[in-house]
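[1] Provided below are the primary sequence and the corresponding predicted coordinates.
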Amino acid sequence: MQSESHDLLVLGIESSCDETGVALVRSSGQNVPVLLAHALHSQIDMHRAYGGVVPELASRDHIRRVLPLAREVLRRAGHALVDVDVVAYTRGPGLAGALLVGAGVACAMGAALGKPVLGVHHLEGHLLSPFLSADPPRFPFIALLVSGGHTQLMQVDGVGRYALLGETIDDAAGEAFDKSAKLMGLPYPGGPALSRLAESGDPKAFKLPRPLLHSGNLDFSFAGLKTAVMVQARKLLALHGADAAQPAPQFMQLPMQLQADLAASTEAAIVDVLVRKSLAAMVQTGLRRLVVAGGVGANRLLRQQLNAGCAARGVRVFYPELDLCTDNGAMIALAGAMRLQSGEQAVTHYAFDVKPRWPLNLM
Ligand code: KG4
Ligand code: ZN
């Protein structure tokens, strides 16, 4: 299948953490790029035995997965590799070794094909990902970026025009989920597991802190929450005559209702802060559109409460499709294509570096 002459086919490669993602989008003029196909391999099962991501294992697995995934994407889209016009890849932030795999493969592909390449910011991928949904947002909007490594409120006026309004001063929201889940003995990644356990719990059962809720700014702090969860878990274990020194293995022996109550209280504390700060950002900026992106954006309670809070204030909330909330190649292909639309040039020198730490507003 040949694309129209004014169309661009952008291949996207994501390898910043524990998901290898590849996707192909078609970009026509200034229209929102169209996702033709994407494929993903999650390393979650591999890392689970270690209770978290092992960077060296992640890099090695990306090496194994990325080319078969690229072949699969091209096959599904009905295209050959030579049809690709630009190869976009995640340049950062993320694990250095993991990023190097995607960057290296993308630049090697570009060099072999004689096609240009473009390094993309992972968080830009997340915050633009709702443009691939059936009901995409329009600029400007506020973005709540909630992933395993980041918690930020940004004002987004257009592609590449991002102003940081507030961010976490310690742990990210996803980390708060993951670390609390870990000490409850739940499998990695803790967010979805804790959220599932919370479904049958009472969110008001335990009083947990909501740090910086009344700080008067849009910053977050979640490090204290996991300590509070730990203290509460130890109290419960002591009450039930269990060894409270190491909560994780014993916690699952507690009555199911208590486990669910602590999970629900933890989830409620995280979600409460995220929702109230997001609403404060809407008031502060006067904007009427909120985009929620990043893995924690898949959380059901967060979605319910944001929907309710925003509806009451005349604010529309936009989410990526559920399967594009966590890391994927589609958002990288999309961000690459939208950057090209905004005038950025892809390069043909194929020298690459990666940026493990890379603030989005300093791109
Ligand atoms: O965006 P993402 O896939 O990777 C990063 O860029 O970090 O986000 C992963 C994070 C993990 O902390 C995971 O526990 C969390 O998103 N997460 C959730 C849910 N699904 C994923 N947290 C709460 N509820 C969920 N349903
Ligand atoms: Zn991510």
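    Cool, the structure landed. Numbering: from 1, shown residues only. Ligands and ions are numbered 1, 2, ... in the order given.
[2] what's around the residue in the stretch 1-150 of the chain positioned nearest to ligand 2, how many residues?
    Using Cβ to the ion, the single residue of the stretch 1-150 of the chain nearest to ligand 2 is Ser147, 4.2 Å away. In this view, the C-beta of every residue, glycine as well, is placed from N, C-alpha and C. Using other Cβ atoms under 10 Å, Ser147 is surrounded by 24 other residues.
[3] close enough to count as contact, it and Val292?
    No. The criterion here is Cβ atoms under 8 Å, and Ser147 misses it with Val292 at 11.1 Å.
[4] stretch 12-26 and ligand 2 in contact?
    No. Against ligand 2, stretch 12-26 shows no contacts by Cβ under 5 Å from the ion, the least distance being 6.6 Å.
[5] buried residues in that stretch?
    By neighbour count on 16 or more other Cβ atoms under 10 Å, the buried set for stretch 12-26 is 12-26.
[6] then stretch 280-290?
    By neighbour count with 16+ other Cβ under 10 Å, stretch 280-290 contains the buried residues 280-282, 285, 287, 289-290.
[7] which pair of the residues you listed spans the longest distance?
    Within the buried residues of stretch 280-290, two members stand farthest from each other by Cβ to Cβ: Ala280 and Arg289, at 15.6 Å.
[8] show the pLDDT at Leu186.
    Listed pLDDT for Leu186 reads 94.
[9] quick one: contacts for the residue nearest to it when sequence neighbours are not counted?
    In this structure, Leu186 finds its nearest non-sequential neighbour in Ala193, 4.1 Å apart by Cβ to Cβ, 6 or more residues apart in numbering. By Cβ atoms under 8 Å, 6 or more residues apart in numbering, the residues touching Ala193 are 181, 186-187.
[10] for the helix or strand hosting Lys277, name the packing helices and strands.
    Assigned by DSSP states H and E, Lys277 belongs to helix 256-285. Contact analysis of helix 256-285 by 3 or more Cβ pairs under 8 Å, 6 or more residues apart in numbering; DSSP states H and E lists strand 141-146, strand 151-158, strand 161-167, helix 173-183, helix 190-198, helix 223-239, strand 289-293, helix 300-312 as its packing neighbours.
[11] could you dump these into TSV and include mean pLDDT?
    Below are the helices and strands packed on helix 256-285 laid out as TSV (pLDDT from 0 to 100):
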stretch	mean pLDDT
strand 141-146	98
strand 151-158	97
strand 161-167	96
helix 173-183	95
helix 190-198	97
helix 223-239	95
strand 289-293	97
helix 300-312	98
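[12] so can I have a markdown table of the ones you listed showing distance to Ile63?
    What follows is the helices and strands packed on helix 256-285, written out as a markdown table (distance: least, Cβ to Cβ, whole Å):
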| stretch | distance to Ile63 |
| --- | --- |
| strand 141-146 | 28 |
| strand 151-158 | 30 |
| strand 161-167 | 32 |
| helix 173-183 | 25 |
| helix 190-198 | 27 |
| helix 223-239 | 33 |
| strand 289-293 | 28 |
| helix 300-312 | 34 |
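[13] confirm Val66 sits in a helix?
    Yes. Per DSSP: H, G, I helix; E, B strand; the rest coil, Val66 lies within a helix segment.
[14] for the residue nearest to the spatial centre of the chain, what are its contacts?
    Against the mean C-alpha coordinate of the chain, by Cα atoms, centre = their mean, the closest residue is Gly294 at 2.6 Å. Residues in contact with Gly294, defined by Cβ under 8 Å, 6+ apart, are 123, 126, 145-147, 150, 174, 325.
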